[in-house]
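Novice: got a predicted structure here, sequence first:
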Amino acid sequence: MTPSPGAPREERTAPRADPLPAADPLPVAGPRPLHRAAHEVPASGRLRTGRRRLVVGTSRRNVVVGVRSAVLSVGAVVLIAGLLLAAVVLGDYPLTPGEAIGVLTGATEGFARTVVLEWRLPRAASAALFGAALAVAGAVFQTVTRNPLASPDIIGLANGSFTGMLVALLVLGGGWPLLMTGSLVGGLLAALAIYLLALRDGLQGFRLIVVGIGVSAMLASVNTWMLLRAELETALLASAWGAGTLNTVTTANAVPAGVCLLVLLALLPSLAPALRQLDLGDDVAAAAGVRVGRTRTAVIAVAVGLVSVVTAVAGPISFVALAAPQIARRLARAPGIPLTVSALTGAVLLLGADLIAQHLVPLTVPVGVVTVVLGGGYLVWLLVHEARRRP
Amino acid sequence: MTPKTTQPVTAADDRTDAGWDADAPRLLAERLTLRYGDRTVVEELDLVVPPGSFTVVLGPNACGKSTLLRALSRLLAPTTGTVVLDGRDIHTRPPKDVARRLGLLPQTATAPDGITVAELASRGRYAHRRALRQWSTEDDTAVGGALAATGVADLAERPVAELSGGQRQRVWIAMVLAQETPLVLLDEPTTYLDVAYQIEVMNLLHDLNRSGRTVVAVLHDLNHAARYASHLVVMRDGRVEAVGPPATTLTSELVERVFGLPNVVIPDPVTGTPLVVPADTRARR
């Protein structure tokens, strides 16, 4: 096969050492050509997909990265680093960026060290990691249900986790491992309840959302009821928690929570290819060789785990899981919801929201209040946009 | 893994079980009963897909055609009975193994926003991919070949959402072809297309069949079925009413019995295959 002469050729994939053989069309018997274009092959012999991609690695082991997503990711990482630095230096005891970096390299000693390592860095790092975890959980739910409204906060998982945590706190007496377990059990039970209530002839995204909103409202009432019956001091603590706050973050709970989240996030790359097939519909995915039920259960379990761990430390933080994946999808212009870009977007959102909550708002408010305001605006826009698109 | 060639049919043959007879049917159903909940959709159905055939499944709405196709491709577990693919119960085969032997285009396919033609066709390579090898020459060759065979190679970089209905359907078929399976099943591939696109898709299926693939399609148009099929399966109420070549199978009596439609069957003036003309059943004043 010769390349068509004169046709402008644009390299869509990374230059590689070995030239590929040109693709042959499928064998076609019979005198008549299928179509005028039937025997044209991609001019370079390399498939052009209309998206600039990089193949990283050798021809035996490699990953394919979209150029746009890669650039976005690098930009987001730089932004996160900047926000982390801002979070570390800002406060009642201001530091210079030099001092803050000095702490990390071991050059600065004394009180600044305590301020950075004990107070500010655990909170800022948790904000970034929690934001990423919530965003990935949202991306998973929105992909599985193929609905941008289906996020763990909207369908009541966060409220379920919080219910479980309140039970652990008020009935069983508290303690970090117990709270974590309570949150996890609460989230899983809420997920199971919603799943069973919404299940009829298979799982439909829309029914799941409506049932989830109902379950969410019921659980919110239960949470309020439990807080009203609690002692004043516990109730005050728990209700600040109920809005979603990072004031509760300490090294003692941030480290185990962070480890749990990283382990859960590390499970996703192996599930991602099957998750991408689900974008095309359950039947297409199954026909392509995906174990649809097993994949869906596995990714939802991971997502519920992510939400529950975050909720155990910070309470139900709303709207990050809803908004971050959709913002990431629009930024990356990728088909389906990109997990990596979503995670980084979520990290930027929650870290930024926590900085606003701590330093821009005159009185200290829980970060959940800021995300509700930001996310509420986004939700209104999304509803209007979706309504316009489908008259 | 056996080394792949550009000829999908031989590549697939290499993978069949030892001692496999090439002339024996690769896909058949034995005493198949399919249920959704309490509702029985298909009952005690026997079916053989002749190797190398262009098999068309016909029948009135809700007669169980699509359900049958889902069961034949492992998407639905039978209540009783078995589907046999290449000599083994299809449910004893792992999904990826099935997906390397049999491709299905269901009706429920949805394209994610912003996906391009080549990206969508590439999704058909899932069963051939390995972990930590997201790109391979085999994938590019298979996808490029599928796009060329369906006549959408020129559109490879365009978003699927911008295409016409006929082009979009060809892209979906390209995705199934990229799977490189000797068996291709399609559920109403011509529905919602205008008549020119319908013929275009039917010609494409004809060419796929001629190139060595066994094609099974659920269709609504009796005359397309008569013209293109080498083997007809006519269903009613979850049972097979008639099987065989269109010329002897598609009779006026059968159409009236299965569809309840008084009709005349004449030879198609172009191809000589049966042409079903509905009788004039309008109410007269």
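Specialist: Yep, it's here. What you are looking at is a predicted structure, and each value in this text was computed from that prediction instead of being measured.

Novice: mind listing the strands for the stretch 1-150 of chain B?
Specialist: Secondary structure of the stretch 1-150 of chain B (DSSP state E, counting those that start in this stretch): strands located at B:27-36, B:39-49, B:54-58, B:80-85, B:88-89, B:102-105.

Novice: quick one: which of those is nearest chain A?
Specialist: strand B:102-105 (3.8 Å; CB to the nearest CB). No exception for glycine: its C-beta is placed from N, CA and C like everyone else's.

Novice: in the sheet, which strands lie alongside that closest one, parallel or antiparallel?
Specialist: Here the strand partners of strand B:102-105, with direction, are listed using DSSP bridges: strand B:183-187 (parallel).

Novice: give me every residue in the stretch 251-391 of chain A lying close to chain B.
Specialist: The interface of the stretch 251-391 of chain A toward chain B, taken as CB under 8 Å from any CB of the partner chain, is made up of A:270, A:273-274, A:276-277, A:279-284, A:286-291, A:329, A:333-336.

Novice: 10 Å instead?
Specialist: Where proximity means CB under 10 Å from any CB of the partner chain, the interface of the stretch 251-391 of chain A facing chain B comprises A:269-270, A:273-274, A:276-292, A:294, A:329-330, A:332-337.

Novice: ok, of the residues you listed, which come out buried?
Specialist: A:274, A:276-290, A:292, A:329, A:332, A:334-337 (16 or more other CB atoms under 10 Å in any protein chain shown).

Novice: from the residues you listed, which ones fall inside helices?
Specialist: A:274, A:276-278, A:282-287, A:292, A:329, A:332 (DSSP state H).

Novice: residue boundaries of the helices in chain A?
Specialist: Along chain A, counting by DSSP H, helices occupy A:67-89, A:97-105, A:111-114, A:121-145, A:157-166, A:176-198, A:205-229, A:232-243, A:251-278, A:282-287, A:292-314, A:320-332, A:339-355, A:367-389.

Novice: pLDDT below threshold where in chain A?
Specialist: A:1-46, A:200-205, A:386-387, A:389-391 (pLDDT under 70).

Novice: let's see it at 50
Specialist: A:1-45, A:391 (pLDDT under 50).

Novice: dump the residue contacts of B:Tyr228.
Specialist: Listed by CB atoms under 10 Å, 6 or more residues apart in numbering or on different chains, the contact set of B:Tyr228 reads B:54, B:56, B:199, B:202-203, B:205-206, B:209, B:215, B:217, B:219, B:221, B:246, B:271, B:273.

Novice: run the chain-centre distance for stretch A:71-78.
Specialist: Computed by CA atoms, centre = their mean, to the nearest Å, the separation of stretch A:71-78 from the middle of its chain amounts to 16 Å.

Novice: likewise for stretch B:101-117?
Specialist: 14 Å.

Novice: just the CA coordinates for it, please, in PDB.
Specialist: Extracted C-alpha coordinates of stretch B:101-117, given in PDB (Å, rounded to 0.1, in the frame of the first residue of the first chain):
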ATOM      1  CA  ARG B 101     -15.100 -15.700  18.400                       C
ATOM      2  CA  LEU B 102     -18.400 -13.800  18.200                       C
ATOM      3  CA  GLY B 103     -19.200 -10.100  17.800                       C
ATOM      4  CA  LEU B 104     -22.500  -8.600  18.600                       C
ATOM      5  CA  LEU B 105     -24.000  -5.200  17.700                       C
ATOM      6  CA  PRO B 106     -26.900  -4.600  20.000                       C
ATOM      7  CA  GLN B 107     -29.600  -2.000  19.600                       C
ATOM      8  CA  THR B 108     -28.700  -0.200  22.800                       C
ATOM      9  CA  ALA B 109     -25.300   1.000  21.800                       C
ATOM     10  CA  THR B 110     -24.500   4.600  22.900                       C
ATOM     11  CA  ALA B 111     -21.600   6.700  21.800                       C
ATOM     12  CA  PRO B 112     -20.000   8.800  24.500                       C
ATOM     13  CA  ASP B 113     -19.900  12.600  23.800                       C
ATOM     14  CA  GLY B 114     -16.900  13.700  21.700                       C
ATOM     15  CA  ILE B 115     -15.700  10.200  20.700                       C
ATOM     16  CA  THR B 116     -14.200  10.000  17.200                       C
ATOM     17  CA  VAL B 117     -14.800   7.400  14.600                       C
END
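
Novice: thinking again about what came up before, how about the helices of chain A in JSON lines, adding distance to B:Phe259?
Specialist: Rendered in JSON lines, the data for the helices of chain A read as follows (distance: least, CB to CB, whole Å):
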{"stretch": "helix A:67-89", "distance to B:Phe259": "52"}
{"stretch": "helix A:97-105", "distance to B:Phe259": "78"}
{"stretch": "helix A:111-114", "distance to B:Phe259": "84"}
{"stretch": "helix A:121-145", "distance to B:Phe259": "38"}
{"stretch": "helix A:157-166", "distance to B:Phe259": "49"}
{"stretch": "helix A:176-198", "distance to B:Phe259": "38"}
{"stretch": "helix A:205-229", "distance to B:Phe259": "34"}
{"stretch": "helix A:232-243", "distance to B:Phe259": "62"}
{"stretch": "helix A:251-278", "distance to B:Phe259": "37"}
{"stretch": "helix A:282-287", "distance to B:Phe259": "27"}
{"stretch": "helix A:292-314", "distance to B:Phe259": "34"}
{"stretch": "helix A:320-332", "distance to B:Phe259": "46"}
{"stretch": "helix A:339-355", "distance to B:Phe259": "49"}
{"stretch": "helix A:367-389", "distance to B:Phe259": "39"}
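
Novice: so which of those is the most surrounded?
Specialist: With neighbours defined by mean count of other CB atoms under 10 Å in any protein chain shown, none of the helices of chain A is more surrounded on average than helix A:157-166, at a mean of 30.

Novice: give me the angle between that helix and helix A:121-145.
Specialist: Relative orientation of helix A:157-166 versus helix A:121-145 (axes from the mean of the first three to the mean of the last three CA atoms, to 10 degrees): 130 degrees.

Novice: helix A:157-166 packs against which elements?
Specialist: Using 3 or more CB pairs under 10 Å, 6 or more residues apart in numbering or on different chains; DSSP states H and E as the contact test, the elements touching helix A:157-166 are helix A:121-145, helix A:176-198, helix A:205-229, helix A:232-243, helix A:292-314.

Novice: quick one: contacts of the fourth one?
Specialist: For helix A:232-243, the surrounding residues in contact (CB under 10 Å, 6+ apart) are A:159, A:162, A:165-166, A:169-170, A:174, A:179, A:220, A:223-224, A:226-231, A:247-248, A:311-318, A:365-372.

Novice: let's go with 8 Å and repeat that
Specialist: Residues from elsewhere that reach helix A:232-243, judged by CB atoms under 8 Å, 6 or more residues apart in numbering or on different chains: A:162, A:165-166, A:169-170, A:223, A:227-228, A:230, A:247-248, A:314-316, A:366, A:368-369, A:372.

Novice: next one: stretch A:189-198
Specialist: Outside stretch A:189-198, the residues that touch it by CB under 8 Å, 6+ apart are A:155-157, A:159-161, A:163-164, A:203-204, A:207-208, A:211-212, A:215, A:219, A:300, A:304.

Novice: so how far is that stretch off the chain centroid?
Specialist: Going by CA atoms, centre = their mean, the spacing between the C-alpha centre of stretch A:189-198 and its chain's C-alpha centre is 21 Å.
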